[in-house]
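Chemist: Here is a sequence with its predicted model. Questions after.
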Protein chains: 2
Amino acid sequence: MAVTISDVARAAGVSKGAVSYALNGQTGVSDETRRRILSTAKDLGWTPSLRARSLSSSKAYALGLVVARNPKLLGTDPFFPSFIAGIETTLADQGFSLVLTVAARQGAEEASYRRLVHEGRVDGVILSDMRAEDSRIPLLLELGLPAVTLNRPSTPSPFPAVCMDDTEGISNAVQHLIDLGHTRIAHVGGPQHYVHSRSRRDAWADTLERSGLEAELFIEADFGAQQGTDATARLIDMDRKPTAIVYANDIMATAGQSYLQQQGLSIPDDISVTGYDNTEFAQYLNPALTSIGSDPLLWGSTAAQVLLNQLGGKHDGDDVILPAPQLIIRGSTAKPPANPSK
Amino acid sequence: MAVTISDVARAAGVSKGAVSYALNGQTGVSDETRRRILSTAKDLGWTPSLRARSLSSSKAYALGLVVARNPKLLGTDPFFPSFIAGIETTLADQGFSLVLTVAARQGAEEASYRRLVHEGRVDGVILSDMRAEDSRIPLLLELGLPAVTLNRPSTPSPFPAVCMDDTEGISNAVQHLIDLGHTRIAHVGGPQHYVHSRSRRDAWADTLERSGLEAELFIEADFGAQQGTDATARLIDMDRKPTAIVYANDIMATAGQSYLQQQGLSIPDDISVTGYDNTEFAQYLNPALTSIGSDPLLWGSTAAQVLLNQLGGKHDGDDVILPAPQLIIRGSTAKPPANPSK
DNA sequence: AGGTGCTACTGAACCGGTTTAGTAAGAGTT
DNA sequence: AACTCTTACTAAACCGGTTCAGTAGCACCT
């Protein structure tokens, strides 16, 4: 079996308690003894037993992430793998692990959090995809589970937030289109109960209105290719059809772009298109997709770090603001047709 | 605090040991007493402490998944989220959790497995993306960690395998193209150290050769959009350029298709294209992508179940064979041009 | 010299289960 | 009646840490 703290105690000629104090850097042992204990521990190759420590300290040494999305849609979202990789880079260094849960069915989400707490699997969770009136906040308060949120939720939240502004990228995209001469700029947004979907929509509307344009061409979709296509079809069926469409993610933009081309429209000559996320394939589309490039890796590693700090009582209470995603202009945007149809 | 086994013992007027026997369905208690213990446990709302159980039984009640991929590429791969969701559906029912690790850097993979074992985080792992001479097999044997593999590895492996045949879909795709009249069918494959990449290539080559065609137009890429584009560029620069390209995944096919269109080629009139995975967006491309639809959800849930059976000593030793992914024919494939250029 | 306070440590309890060793009661055997 | 065997249970050890209560030894104060 592995070497335990008792083995170290015996070898060093002290009690178990002394070893524990020495190893945890607590007071109660002389420097002299501490050195001796540490060196015998090292000689014997001692490493702490996570399980024993979990039991006696009532900690899990793990963080949780509950992803509540349809796996089909999740599969096309490039955000999560990078985000998770970011979380990992922080956790691995500090002896923590990530427990991942996918809540596919409605209602499974709450059950997942309850189970994580009840089994004591995790010491805290990272909340992504914040929603309006997010029910997870009261739930976690009830459960007493620490958390960080990605972006500050719209309702009061006692949890630290790690923020990456959605609005700047969208505003820049819309302004870019306005500067090119577009006046009928549509937006295909994500589900509006998501805070980020909502703030992207608001950014789109605000930017238009600042230039005296009306923000009327809006369709809500679900971030999936199917609804991206449908929304696009509805937009170009309109009497006063848009000359540019700002999509809330690259998947919908890709699907929309394909649909438009299929309808005989040329991109960007007949209609301009922008995405969000700067997915790896965005630059290889035909034409390459103008998009907004976020940094999920940084977001993940920062969120994990903030949560760990919080657990260690080292959080200063301020939200962490990360650099806003930037607009990346490519071939899918150009000036509107000189003589727009109808 | 939560109610413990001692509380139940006291309430039922028996010893801790008796409660443990009763709750675990072991012999040593009369039916009468067992019923009484179970009902008082229920009345008190007792649930086992995962941590205490982990310590005394030396089990983690968790499975691990180590994903060794560049997060950038991982982000575009629709396989993992669905696969993980599948794993979850099995685990959640049985009180297990999933510990996910992303090994970004080279060498981080082995360290991840060692850490999982060393900390006792998991009772077993699921191995995906099997490689030729896969170093994980001897590693896990050394570490004594149970595992399941996705598909049977090329080297001898004592671990059960859950298999989903790669070859049938590719063979059908190639045969479909041959039936349409193509004779110069290229393949853009994944990294050839992956077993699945290799078997897809072999299926492509075998099917061509069965029809007396030469399997010469092969390029290895990394499943990413960039290399998919590059490979496509090289193929159409050739003297005897292909009239059809079979890609090893949808991402490369999508990137390739865009590149081809950008070069003024019409799909499928000038050149046919097929993908693999049947990504959600595949059907919304322009033209819709002929692809091969695997079932990662089923694969995940089955792999988890087989591993749990294995841990419970209930594995019968046979590999589990899942239905092979099927070819889905869409607009990106058609008969070759009547008078192929050069 | 006696009291106080601090340091450095020990021994034991504790976290909440599982598991082993031991035992009392009853049935069966001869 | 004495012996063995089984059943049903208890007490205690154990997993490997953390933490609390107690104590010996020493310095300092008055």
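Modeler: Received it, and whenever you're ready, just let me know what you need.

Chemist: Next to DNA strand C, which bits of the stretch 1-150 of chain A? Give me the list.
Modeler: Residues of the stretch 1-150 of chain A lying close to DNA strand C by Cβ under 7 Å from any atom of the strand are A:13-18, A:21, A:27-30, A:32-34, A:55-56. Any C-beta I mention is one placed from the backbone N, CA and C, and that applies to glycine too.

Chemist: please redo it, this time with the cut-off set to 6 Å
Modeler: Taking Cβ under 6 Å from any atom of the strand as the contact definition, the stretch 1-150 of chain A meets DNA strand C at A:Val14, A:Ser15, A:Lys16, A:Gly17, A:Ala18, A:Gly28, A:Val29, A:Ser30, A:Thr33, A:Leu55, A:Ser56.

Chemist: cool, and the stretch 151-300 of chain A?
Modeler: Taking Cβ under 6 Å from any atom of the strand, no part of the stretch 151-300 of chain A reaches DNA strand C.

Chemist: mind listing what the residue nearest in space to the middle of chain A touches?
Modeler: Compute the mean C-alpha point of chain A, and by Cα atoms, centre = their mean the closest residue is A:Ser128, 5.0 Å away. By Cβ atoms under 8 Å, 6 or more residues apart in numbering or on different chains, the contact list for A:Ser128 reads A:Leu65, A:Val67, A:Phe83, A:Leu150.

Chemist: Now the two most distant members of the residues you listed.
Modeler: Pairwise distances among the contacts of A:Ser128 were taken by Cβ to Cβ; the largest, 12.1 Å, belongs to A:Val67 and A:Leu150.

Chemist: Just send the residues of the stretch 1-150 of chain A next to DNA strand C back as a markdown table, with neighbour count too.
Modeler: Listed next are these as a markdown table, based on neighbours: other Cβ atoms under 10 Å in any protein chain shown:
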| residue | neighbour count |
| --- | --- |
| A:Val14 | 18 |
| A:Ser15 | 12 |
| A:Lys16 | 13 |
| A:Gly17 | 12 |
| A:Ala18 | 20 |
| A:Gly28 | 12 |
| A:Val29 | 21 |
| A:Ser30 | 10 |
| A:Thr33 | 17 |
| A:Leu55 | 19 |
| A:Ser56 | 12 |
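
Chemist: Which ones among the residues you listed lie within helices?
Modeler: With helices defined by DSSP state H, the entries of these inside them are A:Lys16, A:Gly17, A:Ala18, A:Thr33, A:Leu55, A:Ser56.

Chemist: So which of the residues you listed reach chain B?
Modeler: Restricting these to those touching chain B (Cβ under 8 Å from any Cβ of the partner chain) yields A:Leu55.

Chemist: and of the ones in helices among the residues of the stretch 1-150 of chain A next to DNA strand C, the nearest to B:Ala233?
Modeler: Closest approach to B:Ala233 among these (Cβ to Cβ): A:Leu55, at 58.9 Å.

Chemist: my read: that closest one touches B:Arg53, true?
Modeler: No - the criterion here is Cβ atoms under 8 Å, and A:Leu55 misses it with B:Arg53 at 9.4 Å.

Chemist: Do a quick rundown of the strands in chain A.
Modeler: For chain A, applying DSSP state E gives strands covering A:62-67, A:97-102, A:124-127, A:147-150, A:161-164, A:185-189, A:218-220, A:244-247, A:272-274, A:291-293, A:320-322, A:326-328.

Chemist: The residue nearest to A:Leu208 when sequence neighbours are not counted: neighbouring residues, count only.
Modeler: Using Cβ to Cβ, 6 or more residues apart in numbering or on different chains and skipping residues adjacent in sequence, the residue nearest A:Leu208 is A:Ala215, 4.5 Å away. When neighbours are defined as other Cβ atoms under 10 Å in any protein chain shown, A:Ala215 has 17 of them.

Chemist: got it, and A:Ser20?
Modeler: 18.

Chemist: Contact partners for the closest residue to it other than its chain neighbours?
Modeler: With sequence-adjacent residues excluded and distances taken as Cβ to Cβ, 6+ apart, A:Ser20 is closest to A:Ile5, at 6.4 Å. Neighbouring residues of A:Ile5 by Cβ under 8 Å, 6+ apart: A:Lys16, A:Val19, A:Ser20, A:Leu23, A:Trp46, A:Pro48.

Chemist: A:Pro296 against A:Asp77, yeah?
Modeler: No - the pair A:Pro296 / A:Asp77 is not scored as a contact, 9.8 Å apart, by Cβ under 8 Å.

Chemist: Find residues that contact each of these two.
Modeler: Residues touching both A:Pro296 and A:Asp77 by Cβ under 8 Å, 6+ apart: none at all.

Chemist: Now do the helices in chain A.
Modeler: Taking DSSP H as the criterion, chain A carries its helices at A:5-12, A:16-23, A:31-44, A:50-57, A:71-76, A:79-93, A:108-118, A:136-143, A:167-180, A:195-210, A:225-236, A:250-262, A:296-311.

Chemist: got the angle between the first one and helix A:16-23?
Modeler: For the pair helix A:5-12 and helix A:16-23, the angle between their directions (axes from the mean of the first three to the mean of the last three Cα atoms, to 10 degrees) equals 90 degrees.

Chemist: Helix A:5-12 near DNA strand D anywhere?
Modeler: Yes - contact of helix A:5-12 with DNA strand D is found when judged by Cβ under 6 Å from any atom of the strand, involving A:Ile5.

Chemist: That helix: how far from the chain's middle?
Modeler: From the chain centre to the centre of helix A:5-12 is a distance of 45 Å (Cα atoms, centre = their mean, to the nearest Å).

Chemist: Please apply the same query to the second one.
Modeler: When C-alpha coordinates are averaged (Cα atoms, centre = their mean), helix A:16-23 and its chain have centres 40 Å apart.

Chemist: Which residues outside it are in contact with it?
Modeler: Helix A:16-23 is contacted from outside by A:5-6, A:8-9, A:12, A:26-29, A:33-34, A:37-38, A:41, A:48, using Cβ under 8 Å, 6+ apart.
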